[in-house]
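Chemist: Mind looking at a prediction? Sequence and model below.
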Amino acid sequence: MPELVFFSGTMDCGKSTLALQIEHNRSARGLAGMIFTRNDRAGAGKLSSRLGLVTDAVEVADAQDLYVYIVDHLSQGGRIDYVIADEAQFLAPVQIDQLARVVDDLGVDVFAFGITTDFRSKLFPGSQRLVELADRVEVLQVEALCWCGARATHNARTVGGEMVVEGAQVVVGDVNQAAGEVGYEVLCRRHHRRRMTAATARAAALSPDVLPVSSS
Ligand SMILES: Nc1ncnc2c1ncn2[C@@H]1O[C@H](COP(=O)(O)OP(=O)(O)O)[C@@H](O)[C@H]1O
Ligand SMILES: Cc1cn([C@H]2C[C@H](O)[C@@H](COP(=O)(O)O)O2)c(=O)[nH]c1=O
């Protein structure tokens, strides 16, 4: 049975790497994939992983109908055995419905990859629709870790290492950004709730208020 599968997790947990592995294994067996992405850090029309691998992809536009795009491709003699959609959190809910239709009406597997929640721990609309429609939601097995060592479950947006809670939902960026830049850090829920990043935890540990008092 063809399936719509949502591979989800925090940033930096290996989603794009897995997407590239699925693409590699299937194309190595002669299967033909259609790869969609949107707003990848490597630039338009790219699906990239932090491990250094990158492949070409179709950059999805705002109002693009993904079902029609695939039907057009097939009717022009193209072949599609599976679909990969990376950065799926950035797709519109209606585009997720179109991907579900690809599975149901065309009998093609769709593998979608994305983060579930934004920096405010609110669902992205595309991810919400995936949770609603997917045959399976798979949480990636490689755990991204919070600075405290616990499993990271949330994405924080940072400026100069400090967590921010105001701003647009979509700001393309990366973890481990240089000081002063907008970046992201994955945290456990406890530290996301307390807005405690690696930098603020380090600063608190060094603060004179918490230094042991000398007995002399
Ligand atoms: N230098 C490295 N050596 C080994 N693994 C790395 C290295 N850099 C990144 N990774 C792995 O790559 C993962 C990020 O992969 P990526 O596919 O880019 O993540 P995602 O798409 O989920 O944001 C990290 O969790 C880590 O496991
Ligand atoms: C939390 C959060 C993330 N983003 C952006 C930042 C990155 O460009 C992508 C996630 O990519 P990854 O391959 O999963 O690391 O999403 C955003 O726009 N808004 C957010 O709240």
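Modeler: Thanks, I have it. Ligands and ions are numbered 1, 2, ... in the order given.
Chemist: dump the residue contacts of the closest residue in space to V159 that isn't next to it in sequence.
Modeler: The shortest distance from V159 to any non-neighbouring residue, by C-beta to C-beta, 6 or more residues apart in numbering, is to V182 (5.6 Å). (Each C-beta comes from the backbone N, C-alpha and C, glycine too.) Applying C-beta atoms under 8 Å, 6 or more residues apart in numbering to V182 gives the contacts R157, T158, V159, V171, G173.
Chemist: Most neighbours of all these, which one?
Modeler: Neighbour counts for those peak at T158, which has 23 neighbours (criterion: other C-beta atoms under 10 Å).
Chemist: Which secondary structure element is home to that one?
Modeler: Assigned by DSSP states H and E, T158 belongs to strand 154-159.
Chemist: Also I22?
Modeler: helix 15-28.
Chemist: Could you identify the helix or strand that succeeds that helix?
Modeler: Note on helix 15-28: by DSSP H and E, the next helix or strand toward the C-terminus is strand 33-37.
Chemist: Which residue ranges of the protein form helices?
Modeler: 15-28, 66-75, 93-106, 125-133, 189-193, 198-206 (DSSP state H).
Chemist: Let me have the ones you listed in JSON lines, adding mean pLDDT, mean neighbour count and distance to ligand 2 as columns.
Modeler: Shown next, in JSON lines, are the helices of the chain (pLDDT from 0 to 100; neighbours: other C-beta atoms under 10 Å; distance: least, C-beta to the nearest ligand atom, whole Å):
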{"stretch": "helix 15-28", "mean pLDDT": "98", "mean neighbour count": "18", "distance to ligand 2": "5"}
{"stretch": "helix 66-75", "mean pLDDT": "98", "mean neighbour count": "16", "distance to ligand 2": "19"}
{"stretch": "helix 93-106", "mean pLDDT": "98", "mean neighbour count": "19", "distance to ligand 2": "16"}
{"stretch": "helix 125-133", "mean pLDDT": "98", "mean neighbour count": "20", "distance to ligand 2": "11"}
{"stretch": "helix 189-193", "mean pLDDT": "98", "mean neighbour count": "17", "distance to ligand 2": "11"}
{"stretch": "helix 198-206", "mean pLDDT": "91", "mean neighbour count": "13", "distance to ligand 2": "16"}
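Chemist: any idea of the pLDDT on D86?
Modeler: At D86, the model reports a pLDDT of 98.
Chemist: Could you verify my assumption that it touches S16?
Modeler: Yes - the pair D86 and S16 qualifies as a contact (C-beta atoms under 8 Å) at a distance of 5.7 Å.
Chemist: coming back round to it: figure out which of the helices of the chain is closest to E3.
Modeler: Of all the helices of the chain, helix 93-106 sits nearest to E3, with 6.5 Å by C-beta to C-beta.
Chemist: Looking at the contacts of V182, spot the one nearest Y69.
Modeler: Nearest member of the contacts of V182 to Y69, counting by C-beta to C-beta, is V171, at 26.7 Å.
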